[in-house]
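**Q** based on what follows, work out the 3D shape:
(chains A, B and C)
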Amino acid sequence: MGKRKPPALFYQKVYAVVRQIPAGRVTSYGRVADMIGHPGAARQVGYAMSALKNRADDPEYQDVPWQRVVGHNGNIVIKGGEHGRLYQAELLCEEGVHVGIDLTVDMGKYLWEGLLPHEAHSLLEGLG
DNA sequence: ATGTTGACGGTTG
DNA sequence: TCAACCGCCAACA
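**A** Down below sits the predicted model:
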């Protein structure tokens, strides 16, 4: 009884980095792309986040704090209508991240510094 | 192999 | 300031 096919390597790298974001902080899709060595692949990071909803029943991926990834200006850009965006705002609020009425996070205040290059390297080697 | 799809981000008018 | 456009590139049908 096989388990479901694992995500592609690119997605696994995205999830590994997102899991490093501390509660109470956020980062952007583009910064995650930079950290996994794919600068410019911000859209694909968003794609990886979207794919998580197809694995809602897989415990392996339930600990990925997707809500801590926002647009580069701090704006919540999740699709699925206001319901989805308000849900992300609610999750962030529970972690102590203030979300403005315009569904934007103050990046100057909550931005995660991110991984240093050697930290990203040691985190990602051994995947796939 | 090829075309379509996207939870982005930078540029343009 | 803001909407529309477009380049980006991995995953998937």
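**Q** what about A:V18, distance to A:G100?
**A** Distance of A:V18 to A:G100, given as CB to CB, to the nearest Å: 23 Å. For glycine as for every other residue, the C-beta is placed from the backbone atoms N, C-alpha and C.
**Q** between these two, which has more neighbouring residues?
**A** Neighbours per residue (other CB atoms under 10 Å) separate A:V18 from A:G100, with A:V18 holding more: 23 against 12.
**Q** what sits against that one?
**A** Taking CB atoms under 8 Å, 6 or more residues apart in numbering as the criterion, A:V18 is in contact with A:32, A:49, A:64-66, A:68-69.
**Q** 6 Å - rerun?
**A** By CB atoms under 6 Å, 6 or more residues apart in numbering, the contact set of A:V18 is A:V64.
**Q** wait, what's in contact with A:R85?
**A** A:76, A:78, A:103 are the contacts of A:R85 under CB under 6 Å, 6+ apart.
**Q** okay if I get those residues as JSON lines plus distance to DNA strand B?
**A** JSON lines is the format used below for those (distance: CB to the nearest atom of the strand, whole Å):
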{"residue": "A:I76", "distance to DNA strand B": "8"}
{"residue": "A:I78", "distance to DNA strand B": "4"}
{"residue": "A:L103", "distance to DNA strand B": "12"}
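**Q** hang on, isn't A:A48 packed against A:K13?
**A** No - A:A48 lies out of contact with A:K13 (CB atoms under 6 Å); the separation is 8.8 Å.
**Q** now the top helix by length along chain A: how far from the chain's centre is it?
**A** Counting residues, the longest helix found in chain A (DSSP state H) is helix A:81-94. Computed by CA atoms, centre = their mean, to the nearest Å, the chain-centroid distance of helix A:81-94 equals 14 Å.
**Q** before I go, just wanted to say thanks for your time.
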